[in-house]
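K.L.:
A structural model of the following input is requested.
(chains A and B)
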Amino acid sequence: QQQVRQSPQSLTVWEGETAILNCSYEDSTFNYFPWYQQFPGEGPALLISISSVSDKKEDGRFTIFFNKREKKLSLHITDSQPGDSATYFCAASGTNAYKVIFGKGTHLHVLP
Amino acid sequence: EAAVTQSPRNKVAVTGGKVTLSCNQTNNHNNMYWYRQDTGHGLRLIHYSYGAGSTEKGDIPDGYKASRPSQENFSLILELATPSQTSVYFCASGETWGEAEQFFGPGTRLTVL
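P.N.:
Next up, the predicted model:
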């Protein structure tokens, strides 16, 4: 059972545009949502995260918007740069959870 | 800085052969994980460990064994490799459960012929 869903699978934007990556989850006990960024040939690395007590988390050009009632969140990348081209994984875990559940990822392509 | 290393980085094995993937972390994290990444499936958890001497089954443990002989080292063992186990394998470490960052290694690309 897939508990974390991401859309779209692939997204292409022009340099300078805002990229919006979507994520939804099913388990209402999830309360921590990290986003990982992965470049080709490398392992994923934590980009930004949010806990369920917040509805927004900002870090430079990266912002997470969180809607607990609808069990949805989104990652907004403003002023997208070609260097942002990567795969982005939305993930979820609960308090004292033994593991993090990863979505299948969104491949982002930023064209110069 | 957190450091997770994996060896080998690339491996070609024959069907029915034994394969051991190794992972070392210098973060002194209690928790370690093995994932595989396949197109269309994202990251799937194979085995994890709470600390030296412990191993636990993840979501897709069939065909894999794990070993955690020390805090620093966590191995993934394929006793009888099959072509369906061709994938990229990632090791990760993390400090606590719940709200904790996982630090990933660079991955091992395994091809089983």
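K.L.:
Could I get the pLDDT score of the closest residue to chain B within chain A?
P.N.:
Nearest residue of chain A to chain B, counting by C-beta to the nearest C-beta: A:Gly43, 3.2 Å away. Quick note: C-beta positions are derived from backbone N, CA and C, even for glycine. You'll see A:Gly43 listed with a pLDDT of 95.
K.L.:
repeat for A:Ser28
P.N.:
89.
K.L.:
With A:Ile48 instead?
P.N.:
For A:Ile48, the model assigns a pLDDT of 96.
K.L.:
ok, it touching A:Leu21?
P.N.:
No. In this structure, A:Ile48 is not within contact of A:Leu21 by C-beta atoms under 8 Å, at 11.5 Å.
K.L.:
Show me which of these two is the more surrounded one.
P.N.:
A:Leu21 (22 against 17; other C-beta atoms under 10 Å in any protein chain shown).
K.L.:
Now for A:Ile48 and A:Leu21: what residues contact both?
P.N.:
Common neighbours of A:Ile48 and A:Leu21 are listed as A:Leu75 (criterion: C-beta atoms under 8 Å, 6 or more residues apart in numbering or on different chains).
K.L.:
so what's residue 46 up against?
P.N.:
You didn't pick a chain, so chain A it is. Counting by C-beta under 8 Å, 6+ apart, A:Leu46 touches A:34-36, B:101-102.
K.L.:
I was thinking of chain B, sorry if that wasn't clear
P.N.:
B:Ile46 neighbours (C-beta under 8 Å, 6+ apart): B:34-36, B:58-61, B:64, B:66, B:76, B:89.
K.L.:
try 10 Å this time
P.N.:
Neighbouring residues of B:Ile46 by C-beta atoms under 10 Å, 6 or more residues apart in numbering or on different chains: B:33-36, B:57-66, B:76, B:87, B:89-90.
K.L.:
What of A:Gly43?
P.N.:
A:36, B:4, B:6, B:35, B:37, B:43, B:88, B:90-92, B:102-107.
K.L.:
How far does the lowest-mean-pLDDT helix or strand in chain A sit from its chain's centre?
P.N.:
Ranking every helix and strand in chain A by mean pLDDT, DSSP states H and E puts strand A:101-102 at the bottom, with a mean of 90. How far strand A:101-102 lies from its chain's middle: 11 Å, per C-alpha atoms, centre = their mean, to the nearest Å.
K.L.:
again, but for stretch B:33-42
P.N.:
Between the centre of stretch B:33-42 and the centre of its chain there are 10 Å (C-alpha atoms, centre = their mean).
K.L.:
How about stretch A:36-43?
P.N.:
13 Å.
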